[in-house]
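Trainee: Sequence and computational prediction follow.
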Amino acid sequence: MPLLENGQIVQDGWTLVQDDQPLPEGDILLPLSRLSEGLGRNGKGRLGIVLKPDERVSDLKEALPRLDLVSLNFPIFRDGRAFTQARSLREHLHFAGAVRVTGHFLPDQYEFLLRCGVSQLVIPEQSDLAVWHQAHERITVAYQPSVLNERPEGFAFRRFLSS
Amino acid sequence: MPHSSQPPADVGRYAYDAVDRTFLKQRVEQFRDQVQRRISGALSEDEFKPLRLMNGLYLQLHAYMLRVAIPYGIVSANQMRTLAHIARRYDRGYGHFTTRQNIQFNWIRLEDTPDILNILADAEMHAIQTSGNCIRNVTSDQFAGAARDEVLDPRVHAEILRQWSTLHPEFTFLPRKFKIAISGSAQDRVAARFHDIGLLARMGENGRAVFEVYVGGGLGRTPVVGVKLRDDLPEEDLIAYLEAVLRIYNAYGRRDNIYKARIKILVQALGLGAFRDEVNAEFMAMDRSRYRLQPEVVAAIRARFASPVFEDASAASAQLVAQTKADPAFAAWVNINTHPHQQDGYCSVTISCKPAGGIPGDVTSAQMDLLADMADQYSFGELRITHLQNVVLGHVRKDNLFALWQALSAKGLGTANVGMITDIIACPGLDYCALANARSIPIAQKLSQRFSNAALQQEIGALRLNISGCINACGHHHAGHIGILGVDKRGEEAFQITLGGNSGEDASIGQIIGSAMSEDETVDAIARIVDTYLVQRKPGERFIETCRRLGAAPFKDAAYATA
Amino acid sequence: MSVDRRNNRRDTEGCSVVTANRLLDGRIVWLDAQGKWQLTIAHACLFPNDGMEDVLRSQSARAGADNVVGVYGVQVEQTAHGPCPRTTRERIRADGPSVHAEFTPLWQPAPAVVSGS
């Protein structure tokens, strides 16, 4: 499925590894249960971890400096736990790698995702990118700080959202 | 984007600047686009529903219902005229004040809604987050900025919370809705202990506010009195601390069962101590400097609230005394519907939206226009909607009360019943609501007629009667001294009675006294309950006090006694 | 879309009508014998309860094309005045709110209101 990053569709070079598969070469995404196995892997390639909505971000704390990607999931767009997971990764743990979201979410949530620190979105096939761009550009003001550290706008916590 | 430096125009509310106005217009266009995507089929109904709900638009029993936010209950005279216009042009000539200080229109068309929101935006109003699983409209004390017992004006902090929670990127898809109330008086007039978060503000040692924080209160299916989470939260940590509470809730609140998804269930499941530990750990781990509420931020928000400029009204009290002596009906209204003001010669007036036999909280467009005119004439153009579904004029000179009362009485708004048995809270019930089991309004009308005699009401004294048409408890029946809960008995309406609820500092939850009855049986049973109180009470004892002293038994016997 | 289960409660015997709300204005509508959505229940087509599952499935499938939402069945008794719902809830939907007699299902704004601002 298309991978949206910085407003563009980009190539997804990561391989998602299921619970019982042997570890392949290259950039791999593992479930949290296989974290130590992934960290112990010999050879080249980057490591990413898939975190389920009910798994704690703090479980990645020690490993985070060695991870390049954390992938979060929306079982349904109304389940907003990934927002908190993303923001904790950025704000508490100062994670600088990629934060990816998969599953069911809407263009109308795009700006929220970005402001919580998500950098990559796996979006449905045939998605109209214009709808996503519009969702991002539509609103230029926010009323609270975010991990993106946007420019203050006037007074209080208002921020100017550049597109 | 240009910054406006024009002085604030309205008393009691935050004046928008160009940035705020731009934001609202962008939000309207976003919704216009979402409506178009729904109509074109790009959005399914399931996908569209949360988006429309976050703009206050429900699909109710007969039509769409639009709930417009009235932040901390404050509305200017011109805003009230805008609401009257919307009721006239897009609805059926009336609106309904809700128990969370908002207003609802019952007959709205989806295709008109973007235009309505645009008209609201021109008046610095919106319907953002009046529904949906997000932080809802922040409610406050209807006597804020006026009450003699007030320690600080909570509306500035309510506005700070309104702004912070608006389109919050992390907290817009919570497990369930989240309601915050804030009071600046030790006397809890906001039902702080029946909110997801209740804040009681008081002045700290250094002249800056501190907050008592209550968590996990609420009515609905599982009524719970909130518990104290923090005693002395400094003003500068207000936002950071709420962020921490919301994060714990968003991460761990239940999502498998909507009836167990409110924060009260999480607090109960973890226990208060463990919940507090989680919140504190989050609070310590977060970048608090990012969320610090600096004094200059509070000052900048406060500067956008205009304050009333009071006149010397030292002679007003004497004139009022003369007028009340001349007219006992007026004297009764003054006695029942006014509240002490900080300023000599002034008082706050509660305008009852509960005439005998009327629909609690409903006002017509003509009444809204009158309310606006009265506010302009007598109260610095400022009105407040109360969570008891009435309207308050905050700052009225005592020598203007007589003229005000006459004008209100001519339009059915002069009823002297605030805090009495006919000052009934009622949800819209099965006449409008898709969730209701029974109608709330007809039984409210019958009870209001039954007890309409002014002398009888005064004899009964303070008595809170609340009616909900279903277990979701929008009519706050658990918090009523007497509560009525509508239930469904195989497709027919029936009503249960609760006794002993209260929403103040000594908050308690009303308990069901027995099996459900028909509408007319319920009205008769309540009359017998009130008679029992009149017979059993000790001198000076209010209904709730007699109820607590005697327990439910004598009232239950009376309720189910058949002559 | 999902509908509250209690609205779909049906006996094995008896008849039901099909109802929904119009997408654009939210008004309540009832399915007639020609497959058109009407504002009054008097025009509604009666279906035997044992066939309702199929009727609701096919009507829900075309809800998007018909511009209606929330399709469900309502059990009724046939009376001299047409179908009458079993439950109070559905009688209020069919007749309008009991506290405003003027707001019948055919209510239209007065012309003066429409042309005025």
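Mentor: Arrived safely. Just so it is clear, the model here is predicted, and its values are computed rather than measured.
Trainee: separation between A:A96 and A:S119?
Mentor: When distances are taken as C-beta to C-beta, to the nearest Å, A:A96 and A:S119 turn out to be 10 Å apart. For the C-beta atoms, the positions are set from N, CA and C on the backbone; glycine is no exception.
Trainee: Then A:H104?
Mentor: In this structure, A:H104 and A:S119 are 19 Å apart, going by C-beta to C-beta.
Trainee: Who has more neighbours out of the two?
Mentor: A:S119 (17 against 13; other C-beta atoms under 10 Å in any protein chain shown).
Trainee: and the gap between that one and A:W14?
Mentor: Between A:S119 and A:W14 the distance, using C-beta to C-beta, works out to 13 Å.
Trainee: before we move on, what about B:L174?
Mentor: With distances defined as C-beta to C-beta, the gap from B:L174 to A:W14 amounts to 30 Å.
Trainee: again, but for B:T82
Mentor: To A:W14, B:T82 is 53 Å away according to C-beta to C-beta.
Trainee: Tabulate the CA atom coordinates of the helix or strand harbouring B:F402 in CSV.
Mentor: With secondary structure defined by DSSP states H and E, B:F402 is part of helix B:401-410. Once side chains and other backbone atoms are set aside, the C-alpha atoms of helix B:401-410 remain, and they are given as CSV (Å, rounded to 0.1, in the frame of the first residue of the first chain):
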residue,chain,number,x,y,z
LEU,B,401,-35.2,45.1,38.7
PHE,B,402,-38.8,46.3,38.6
ALA,B,403,-38.6,47.4,35.0
LEU,B,404,-36.8,44.2,34.1
TRP,B,405,-39.3,42.0,35.9
GLN,B,406,-42.2,43.7,34.1
ALA,B,407,-40.6,43.3,30.7
LEU,B,408,-39.8,39.6,31.3
SER,B,409,-43.3,38.8,32.7
ALA,B,410,-44.9,40.2,29.6
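Trainee: what are the bridge partners for the most centrally placed residue in chain C, then?
Mentor: Against the mean C-alpha coordinate of chain C, by C-alpha atoms, centre = their mean, the closest residue is C:T19 at 3.0 Å. On DSSP bridges, the residues paired with C:T19 through beta bridges are C:W30, C:Y72.
Trainee: hang on, it packs against C:Q75?
Mentor: No - between C:T19 and C:Q75 no contact is recorded; they are 11.2 Å apart, counting by C-beta atoms under 8 Å.
Trainee: What number of residues are in the vicinity of A:T15?
Mentor: 16.
Trainee: With adjacent residues omitted, what lies nearest to it?
Mentor: In space, and not counting its chain neighbours, A:T15 is closest to A:I28: 5.1 Å by C-beta to C-beta, 6 or more residues apart in numbering or on different chains.
Trainee: from memory the one you found sits against A:G38, does it?
Mentor: Yes - counting by C-beta under 8 Å, A:G38 is a contact partner of A:I28 at 6.9 Å.
Trainee: what sits in contact with each of those two?
Mentor: Common neighbours of A:I28 and A:G38 are listed as A:L47 (criterion: C-beta atoms under 8 Å, 6 or more residues apart in numbering or on different chains).
Trainee: sorry, back to before: which residues touch the helix holding B:F402?
Mentor: Counting by C-beta under 8 Å, 6+ apart, helix B:401-410 makes contact with B:320, B:323, B:327, B:330, B:333-334, B:338, B:347, B:349, B:351, B:370, B:373-374, B:377-378, B:393, B:396, B:414, all of which sit outside it.
Trainee: Then stretch A:150-160?
Mentor: Outside of stretch A:150-160, the residues within contact range by C-beta under 8 Å, 6+ apart are A:140-146, A:161-162, B:1, B:3, B:17, B:19, B:160, B:163-164, B:239, B:297, B:300-301.
Trainee: show me the contacts for B:T166.
Mentor: For B:T166, the contacting residues are A:143-144, B:128-129, taking C-beta under 8 Å, 6+ apart as the criterion.
Trainee: can you check A:E55 too?
Mentor: Contacts for A:E55 (C-beta under 8 Å, 6+ apart) come out as A:L32.
Trainee: How about the residues of chain C by chain B?
Mentor: Taking C-beta under 8 Å from any C-beta of the partner chain as the criterion, the neighbours of chain B within chain C are C:1, C:4, C:6, C:21, C:23-28, C:64, C:69-70, C:86-89, C:92-93, C:96-100, C:103, C:107, C:109, C:113, C:116-117.
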